[in-house]
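Colleague: Generate a structure from the sequence data that follows.
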Amino acid sequence: MAFVMRRTIVYLPVLLWMCLIFLGSTEMGSPKHTSRFLVPFLKWLIPNISERALEAAQLAVRKTAHVSEYGILALLVWTGRKLDTRKWRVWSWKEFQWIVITCALYASTDELHQLFVASRGSSVVDVGIDTVGASLALLVLWFIGKKFRLWRNGAGEPSAAA
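Modeller: Numbering: from 1, shown residues only. Model prediction:
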């Protein structure tokens with residue numbers, strides 16, 4: 001029972017973040033709603049901004065949000081995994097692949113969900129962007145760990161990848 005409770009606690013942030021992503025895939029996260037704060041801000045910042053520039057900025061912000069939300073998801077899954085296994089200093093490329101695949105599968109279900117939301121669209125490109133976001137976040141984590149010599153193999157020696 002303690003094992004199940006511990007696992008539930010370490011993966012709870014992952015579940016909560018997935019719920020937040022799901023919420024963003026509803027009407028609430030539609031371009032119509034996100035433009036309510038972005039467009040006035042950009043018009044305040046650049047009073048003579050063109051409609052075309054506004055559309056491009058909104059698209060850039062929305063795609064950057066995809067990268068960052070799935071980057072955070074990947075880091076939360078990685079953290080949950082490390083809390084679960086208690087192997088903080090061991091870098092595993094197999095684990096990296098598993099986490100990226102998990103994020104890509106969740107991104108796919110998220111896009112599937114958007115098919116059923118009238119104001120939203122579904123896009124395979126967005127799944128790709130989400131997957132890139134998850135991969136980038138983990139690669140940054142790996143690079144930081146490598147730079148500071150954090151990664152060890154199972155024997156406690158510095159990893160060959162580090």
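Colleague: Every contact and neighbour count from this point should use C-alpha atoms.
Modeller: Will do.
Colleague: what helices or strands is the longest helix seen in the chain leaning on?
Modeller: Using DSSP state H, we find that the single longest helix of the chain is helix 51-85. When contacts are defined as 3 or more CA pairs under 8 Å, 6 or more residues apart in numbering; DSSP states H and E, helix 51-85 packs onto helix 2-24, helix 31-45, helix 93-114, helix 124-147.
Colleague: who wins for proximity to residue 87 among these?
Modeller: helix 93-114 (11.7 Å; CA to CA).
Colleague: for that closest one, packing partners?
Modeller: helix 51-85, helix 124-147.
Colleague: List the buried residues for that helix?
Modeller: For helix 93-114, burial by neighbour count (16 or more other CA atoms under 10 Å) applies to 96, 99-104, 106-108, 110-114.
Colleague: Could you check the angle it makes with helix 124-147?
Modeller: Per axes from the mean of the first three to the mean of the last three CA atoms, to 10 degrees, the angle that helix 93-114 makes with helix 124-147 is 150 degrees.
Colleague: Tell me which residue lies farthest from the centre of the protein.
Modeller: The C-alpha centroid of the chain is most remote from residue 48, which lies 34.0 Å away (CA atoms, centre = their mean).
Colleague: Dead centre of this protein: give me the residue that sits there.
Modeller: Central residue of the chain (CA atoms, centre = their mean): residue 70, at 1.1 Å.
Colleague: per-residue pLDDT, that residue?
Modeller: Looking at residue 70, its pLDDT reads 98.
Colleague: List the residues that contact it.
Modeller: 103, 130-131, 133-134 (CA atoms under 8 Å, 6 or more residues apart in numbering).
Colleague: Can you tell me what sits against the worst-scoring helix or strand of the chain on mean pLDDT?
Modeller: Across the helices and strands of the chain, mean confidence by mean pLDDT, DSSP states H and E is lowest for helix 31-45: a mean of 83. With contacts defined as CA under 8 Å, 6+ apart, helix 31-45 is touched by 27, 49, 54, 58.
Colleague: so how far is residue 109 from residue 22?
Modeller: According to CA to CA, to the nearest Å, residue 22 and residue 109 sit 9 Å apart.
Colleague: on that earlier part again, now, the most widely separated pair of the contacts of residue 70?
Modeller: 103 and 133 (9.3 Å).
Colleague: picking that back up, how big is the angle separating the longest helix of the chain from helix 124-147?
Modeller: Here helix 51-85 runs at an angle of 50 degrees relative to helix 124-147 (the same axes, to 10 degrees).
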